[in-house]
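Enquirer: Got a predicted structure here, sequence first:
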Amino acid sequence: MIIDSQEFQHHHISYIIRSAKASDAKSLSEVRLQIDGETEYMDREKGEAVIDEIGFKQLIEADSKKPHHLFLVCEANGRVVGFSRCVGSPLKRMSHKVEFGICVLKDFWGYGIGTNLLKRTIKWADKNNVKKIALTVLETNAKAIKLYQNYGFEEEGILRGDKRLSDGKYYNTVIMGRFNDDN
C-alpha cells in the first residue's frame, strides 16, 4: 500500500517518511547491509541473506499493491537512512495482522526516526482495519522495547536462547504485539 509522505524536524535535521519507490532499491540494499554490520539487534550478520537491488524492487512492487503490506523509507539529506516494513498474510485466519520490522542507520539514532516510522505504521494499521501488529525484538534492545511499550505493544512471549551473538552467548527474543479491537 502507498501512503502520503510526511516531513519531520528533529533538532538540526529534517527528514521525510514516505512509501518506498523502485528508485530506492539500490539504496535500500546498501543501507540494509550497513545496518546489519552496525548492530547485533538485527537477525543477520553483515553479508548474510543479502537482498540486492532487484530483490528490493520486487518487494517494493509487491508491497505497494497489497492492502496489508506497507514499506516505508526515511529519507534525510536526499538519502535513505532507514526503513520499516509490514507484511500481512493472505490467509483468512491471519489476515487481521501484520508483522513489523524496522531498521535505522546508527548515525541517525536519536532523531525520532524509529518512533515516527512506528507512529506512521500504527496510523496506517488503524485506518486499514489491521487488528494486530506483531514484532520481535532482542532482549538487550531495551530502548526499542520501551518504545514499543509506549505505543501499546505488550510482551506476548519469549523465545529463549533464540540468538547467539558475537560474544558466544545466547540471548532471548521478545515477542510483542499491539492489538487494536477499536477498529
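Expert: Received, thanks. These numbers were taken from a predicted model, which means no experiment stands behind them.
Enquirer: Show the model's pLDDT score for Asn183.
Expert: We have a pLDDT of 50 for Asn183.
Enquirer: Which residue lies nearest the spatial centre of this structure?
Expert: Ile102 (2.1 Å; CA atoms, centre = their mean).
Enquirer: Can you tell me which helices and strands the strand or helix carrying that one packs against?
Expert: Assigned by DSSP states H and E, Ile102 falls within strand 97-104. Strand 97-104 sits against helix 25-38, strand 79-88, helix 113-127, strand 132-138, with contacts defined as 3 or more CB pairs under 8 Å, 6 or more residues apart in numbering; DSSP states H and E. All C-beta spots, glycine's among them, are computed from the backbone N, C-alpha and C.
Enquirer: again, 6 Å this time
Expert: Here strand 97-104 touches strand 79-88, helix 113-127, strand 132-138, going by 3 or more CB pairs under 6 Å, 6 or more residues apart in numbering; DSSP states H and E.
Enquirer: I'd guessed Asp162 sits against Ile175; true?
Expert: No - if you go by CB atoms under 6 Å, Asp162 and Ile175 don't touch, sitting 9.7 Å apart.
Enquirer: What are the contacting residues of the strand holding Ile102?
Expert: By CB atoms under 6 Å, 6 or more residues apart in numbering, the residues outside strand 97-104 that reach it are 35, 68, 82-88, 113-114, 117, 130, 132-135.
Enquirer: With stretch 70-80 instead?
Expert: 1, 13, 15-17, 20, 24, 27, 31, 60, 63, 81-86, 113, 117, 124.
Enquirer: Dump the helix or strand bottoming out on mean pLDDT in the chain to CSV, restricted to CA.
Expert: Least confident helix or strand of the chain, by mean pLDDT, DSSP states H and E, is strand 6-10 with a mean of 91. This file holds the C-alpha atoms of strand 6-10, laid out as CSV (Å, rounded to 0.1, in the frame of the first residue of the first chain):
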residue,chain,number,x,y,z
GLN,A,6,5.3,13.4,5.8
GLU,A,7,8.2,15.7,6.8
PHE,A,8,9.7,15.8,10.3
GLN,A,9,12.1,18.1,12.1
HIS,A,10,14.2,16.9,15.0
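Enquirer: Which strands and helices lie in contact with it?
Expert: In this structure, strand 6-10 packs against strand 13-19, with contacts taken as 3+ CB pairs under 6 Å, 6+ apart.
Enquirer: Mind checking the pLDDT average for the strand it packs on?
Expert: The model assigns strand 13-19 a mean pLDDT of 96.
Enquirer: swap in stretch 29-48?
Expert: 91.
Enquirer: How far away from the center of its chain is stretch 76-83?
Expert: 14 Å (CA atoms, centre = their mean, to the nearest Å).
Enquirer: ok so, going back, would you mind telling me which of the helices and strands packed on strand 97-104 is nearest Asp182?
Expert: Closest of those to Asp182 is helix 113-127, at 7.7 Å (criterion: CB to CB).
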